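> After the sequence you'll find the predicted model.
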Amino acid sequence: MSSANPPVLQGQRALVTGANSGIGAAVAKALAAAGARVVVNYSSSAERAQSVVQQIAAAGGEALAIRANVSREDEVKAMFAQMIAAWGSIDILVNNAGLQKDAPLVEMTLADWQLVLDVNLTGQFLCSRAAIREFIRRGMAPDLSRAVGKIICMSSVHDVIPWAGHANYAASKGGVSMLMKTMAQELAPRHIRVNAIAPGAIKTPINKAAWETPAAEAELLKLIPYRRVGEPEDIGHAAVWLASDASDYVTGSTLYVDGGMTLYPGFDQGG
């Protein structure tokens, strides 16, 4: 690409948590393709993280794998210190790390409730706080971006759609929604933008059983007015836009990338 039309994130430094597979890997690769250097965070499976780094490098990008459990304050601090030592600062944070521990409410253990809240919600708080502190320390870099920093919180359609059998997950995503909005409100005067992406059904390993057979996919499509299951790349494209100056006037918003799943498809014939 010519220097007259550089990639939209050229020179910026991004950190994507939980980026060794699924949506996180797709977001990391999309940000790299848009010109950013990307930290591929992982908490397990270093081999998968290194594979994402290698794929980014093979496509002409630059990436670095860093292990950290985002629910651990000490590990989050160490991850940011390593990134800043390598690349000087951070411009984009994508809070993607998350997990499920599903069970009916009466059978759900306190340990499984707490684990999901710790990773899905507390992890976003810890990483956001670390990024914000660095944004404020560094200040504006107008040659890179119109914003001092950008945070994208990965939420879910289940921040608005109740989900029986997944109380811990749904509660964590509802919390992410309000955390994002509150951070956006607090940080807008500092020119730090905070937004969220809420994926619907996306073809990732975490929900493979819901789409891997024709029968399962047909059942899933009943919930998706657009009549296709999303791909991780759909989320990657959305993340690039939210991280770029093309969305500079957008903060405190959730972008639902769901094929219309939040449009109450059961009522499409009048209920």
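It's in. Computed from a predicted model, the values in this text were never measured in an experiment. Numbers count the residues shown, from 1 in each chain.

> Can you show me the helices along the stretch 101-250 of the chain?
Assignment of helices within the stretch 101-250 of the chain using DSSP state H, counting those that start in this stretch yields the ranges 110-117, 123-138, 167-187, 214-221, 232-243.

> and the longest one, what other elements does it pack with?
So the one you mean is helix 167-187. If you count contacts as 3 or more CB pairs under 8 Å, 6 or more residues apart in numbering; DSSP states H and E, helix 167-187 packs onto helix 110-117, helix 123-138, strand 149-154, strand 192-199. Where you see a C-beta, it was placed from the backbone N, CA and C, and this is true even at glycine.

> and what of the fourth one?
Using 3+ CB pairs under 8 Å, 6+ apart as the contact criterion, no helix or strand is in contact with helix 214-221.

> From the chain's centroid, how far away is it?
For helix 214-221, the distance between its averaged C-alpha position and the chain's averaged C-alpha position is 26 Å (CA atoms, centre = their mean, to the nearest Å).

> returning to what we had before: dump the helices of the stretch 101-250 of the chain to TSV, plus distance to Arg146.
Output for the helices of the stretch 101-250 of the chain, formatted as TSV (distance: least, CB to CB, whole Å):
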stretch	distance to Arg146
helix 110-117	34
helix 123-138	13
helix 167-187	15
helix 214-221	39
helix 232-243	12
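
> Nearest to Ala65, out of the helices and strands packed on helix 167-187?
Nearest to Ala65 among the helices and strands packed on helix 167-187 is helix 123-138; the distance by CB to CB comes to 16.1 Å.

> Name the residues of that closest one that are buried.
Along helix 123-138, the positions that meet the burial threshold by neighbour count (16 or more other CB atoms under 10 Å) are 123-128, 130-132, 134-135.

> State the distance from Ser51 to Gly60.
Note on Ser51: its distance to Gly60, by CB to CB, to the nearest Å, is 17 Å.

> Asn120 too?
Distance of Asn120 to Gly60, computed by CB to CB: 33 Å.

> With neighbour numbers in mind, choose between those two.
Using other CB atoms under 10 Å as the criterion, Asn120 and Gly60 rank with Asn120 on top: 27 against 9.

> list the contacts for the closest residue to the more buried one other than its chain neighbours?
Take Asn120 and drop its neighbours on the chain: the residue closest to it by CB to CB, 6 or more residues apart in numbering is Ser172, 3.6 Å away. Under the criterion of CB atoms under 8 Å, 6 or more residues apart in numbering, the contact partners of Ser172 comprise 98, 116-117, 120-121.

> Need the buried residues of helix 123-138 in TSV (columns: distance to Pro214 and pLDDT).
TSV is the format used below for the buried residues of helix 123-138 (distance: CB to CB, whole Å; pLDDT from 0 to 100):
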residue	distance to Pro214	pLDDT
Gly123	36	98
Gln124	36	98
Phe125	41	98
Leu126	41	99
Cys127	39	99
Ser128	41	99
Ala130	44	98
Ala131	42	98
Ile132	46	98
Glu134	47	98
Phe135	47	98
